[in-house]
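**Student:** the sequence and its predicted three-dimensional model are supplied below.
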Amino acid sequence: MSVPGVPPSVEPLPDPSVVWSSDRPELAALLYEARRRIASPWALLAAGICRSLLTIPHTVRYRSALHPEGTPLNLAVALVGRSGAGKSTAIRGAAGAVVFAGEDVPDTAHARSGEAIATMLGRVQTAKGEDPVLVFARLDHAVWLHWDEVGQLAQQGDRTGSTMLETVKSVTSGETLGGQNAKGDGVTIPAGSYRAVLTIGVQPRRAGPLLSEGAVAGGLAARFVWLVAEDAEAAGAPRPSTEHPPVQVPLSQWDGVRFVDALPEMDTAHEADTRAAHRGERDPINSRVLLNRAIIGIALANMAGRSHLTPEDWHLAGGVLAHSLDTLDAVAEELAEPDEAERARGPQIEQRLRERMAEMQAQGVPFYEARRKLSRAQGDRLTELLHAEQFAPW
């Protein structure tokens, strides 16, 4: 019996430039809208990928040799830039560049807790004399979760008893959400029964909650694709003088489709990556790179009106992930650099923070309520202290 050869290593990703040098009309349309609106083309691509995934039936999965049961097409994207760096512009631009036939993409929604994400997807309906029935909020079982700032997500995750950060990980993997309490209240969303995309605005200096030691070790950091919402090239690029009509995309290609199968080179990459992980050669923060690449490839195939992958889809998705890793490196470097102004103010902010929290604790104010009374600078510092386990909530 012959033994299959073992791939020695994962092939390097292509250069990010392959994305915008492509002659695909849908990518040209996204670039046109970005230039017309003086916006980051990567941000428009992020919105386009999210919209594309949300138009694919939630029952469709990505199937590879290592995971023949299939993987849900859920995705998380970190949009890197200052607060208000153009999320709405990106979504509107993507909608104007690529139009899906009969599309009904859900609006972005903000969840305040892990339990709220489950109730946004569906609710339990009861009728007299009948068993409870789960009713989804939308026929397509889809949700687009968005946080304008990563600090919002971090604060929600720090609340006593919060399940937010664990729920974010569960959502990206399509796992079971929600659950019932002792009284039987609540809602449970079964695994694999929904489609979800998540977008979060990330200011590099505030990216700590996604890049902390715990976030990396726990797998949260690996869930995200990092794309820039602020692009220096966009500032200097001329606005186009001619119009580029939107690309019209059918959705009939998904009729009867249950799986999108990996290409042979994708199966080879997954095997090499998994073997590298077992040898201890894969950085934990890169554990989801190939899966995210495959999901983005499927989103690009859908934009091209196909329900199957081609080598070009995989190649272009590799360029997107190369940009993601470059962006992640830049964010990590900026996060590690000392900010002289903040360092000078830091001790005073922390001292006043601790004094105020001690006063409110003595007055019997609950921790979550005391936190809301802090200034923004104090609240940000408290989040940092909580993540570093240097402050104990009550």
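**Tutor:** Arrived safely.

**Student:** please count neighbours and contacts with C-alpha atoms only from this point.
**Tutor:** Fine.

**Student:** contacts for stretch 56-66?
**Tutor:** 69-73, 140-142, 192-195, 251, 254, 257-262, 266-267, 270-271, 294-295, 302 (C-alpha atoms under 8 Å, 6 or more residues apart in numbering).

**Student:** quick check: mean pLDDT across that stretch?
**Tutor:** Stretch 56-66 carries an average pLDDT of 98.

**Student:** who are the contact partners of Leu31?
**Tutor:** Trp20, Pro41, Leu44.

**Student:** for Ser324, same thing?
**Tutor:** If you count contacts by C-alpha under 8 Å, 6+ apart, then Ser324 has Val225, Trp226, Leu227 around it.

**Student:** hmm, back to that, out of the contacts of Leu31, who's nearest Ala111?
**Tutor:** Nearest to Ala111 out of the contacts of Leu31 is Leu44 (C-alpha to C-alpha; 22.9 Å).

**Student:** from Glu350, how far off is that closest one?
**Tutor:** Here Leu44 is placed at a distance of 38 Å from Glu350 (C-alpha to C-alpha, to the nearest Å).

**Student:** again, but for Gln378
**Tutor:** Gln378 is 7 Å from Glu350, by C-alpha to C-alpha.

**Student:** neighbour count for those two, which is higher?
**Tutor:** A side-by-side neighbour count of Gln378 and Glu350, using other C-alpha atoms under 10 Å, places Gln378 first with 21 against 17.

**Student:** please identify the helix or strand for that one.
**Tutor:** Under the criterion of DSSP states H and E, Gln378 resides in helix 376-387.

**Student:** what average pLDDT does that helix get?
**Tutor:** Looking at helix 376-387 alone, the average pLDDT works out to 82.

**Student:** so which helix or strand takes in the residue nearest the centre of the chain?
**Tutor:** Nearest to the mean C-alpha position of the chain, counting by C-alpha atoms, centre = their mean, stands Ala76 at 1.3 Å. Ala76 is located in strand 75-80, with elements delineated by DSSP H and E.

**Student:** okay, buried residues for the first helix or strand past that strand going along the chain please.
**Tutor:** Counting by DSSP H and E, the element after strand 75-80 in chain order, helix or strand, is helix 87-97. Residues of helix 87-97 classed as buried: Lys87, Thr89, Ala90, Ile91, Arg92, Gly93, Ala94, Ala95, Gly96, Ala97 (neighbour count, 16 or more other C-alpha atoms under 10 Å).

**Student:** stretch 350-358 too?
**Tutor:** By neighbour count, and taking 16+ other C-alpha under 10 Å as the criterion, the buried residues in stretch 350-358 are Glu350, Leu353, Arg356, Met357.

**Student:** reformat the residues you listed as JSON lines; add pLDDT and distance to Asp283.
**Tutor:** Converted to JSON lines, the buried residues of stretch 350-358 look like this (pLDDT from 0 to 100; distance: C-alpha to C-alpha, whole Å):
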{"residue": "Glu350", "pLDDT": "87", "distance to Asp283": "34"}
{"residue": "Leu353", "pLDDT": "87", "distance to Asp283": "36"}
{"residue": "Arg356", "pLDDT": "87", "distance to Asp283": "40"}
{"residue": "Met357", "pLDDT": "90", "distance to Asp283": "38"}
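
**Student:** got these as TSV, with distance to Arg239 columns?
**Tutor:** As requested, these are exported to TSV (distance: C-alpha to C-alpha, whole Å):
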residue	distance to Arg239
Glu350	46
Leu353	47
Arg356	51
Met357	51
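
**Student:** which parts of the stretch 1-150 of the chain are helices?
**Tutor:** In the stretch 1-150 of the chain, helices defined by DSSP state H, counting those that start in this stretch lie at 17-20, 25-37, 41-54, 87-97, 114-121, 150-158, listed in chain order.

**Student:** OK, contacts around Gly379?
**Tutor:** Contacts of Gly379 were listed using C-alpha under 8 Å, 6+ apart, and they are Arg371, Arg372.

**Student:** check what pLDDT the closest residue to Met120 other than its chain neighbours gets.
**Tutor:** In space, not counting the residues next to it along the chain, Met120 is nearest to Ala137; the distance is 6.9 Å by C-alpha to C-alpha, 6 or more residues apart in numbering. Here the pLDDT value assigned to Ala137 is 96.

**Student:** with Pro338 instead?
**Tutor:** pLDDT, the model's per-residue confidence, is 67 for Pro338.

**Student:** Ala215 is in contact with Pro209, isn't it?
**Tutor:** Yes. Using C-alpha atoms under 8 Å, Ala215 makes contact with Pro209 at a distance of 6.8 Å.

**Student:** around the residue lying closest to Gly70 once chain neighbours are set aside, how many other residues sit close by?
**Tutor:** Closest residue to Gly70 apart from its sequence neighbours, by C-alpha to C-alpha, 6+ apart: Arg63 at 4.2 Å. Neighbouring residues of Arg63 were enumerated by other C-alpha under 10 Å; the total is 20.

**Student:** and for Leu291?
**Tutor:** By the criterion of other C-alpha under 10 Å, Leu291 has 18 neighbours.

**Student:** tell me which element it falls in.
**Tutor:** Assignment of secondary structure by DSSP H and E places Leu291 within helix 289-303.

**Student:** got the angle between the very next helix or strand once past that helix and strand 75-80?
**Tutor:** Sequence-wise, the next helix or strand downstream of helix 289-303 (DSSP H and E) is helix 311-336. What separates the directions of helix 311-336 and strand 75-80 is an angle of 50 degrees, with axes from the mean of the first three to the mean of the last three C-alpha atoms, to 10 degrees.
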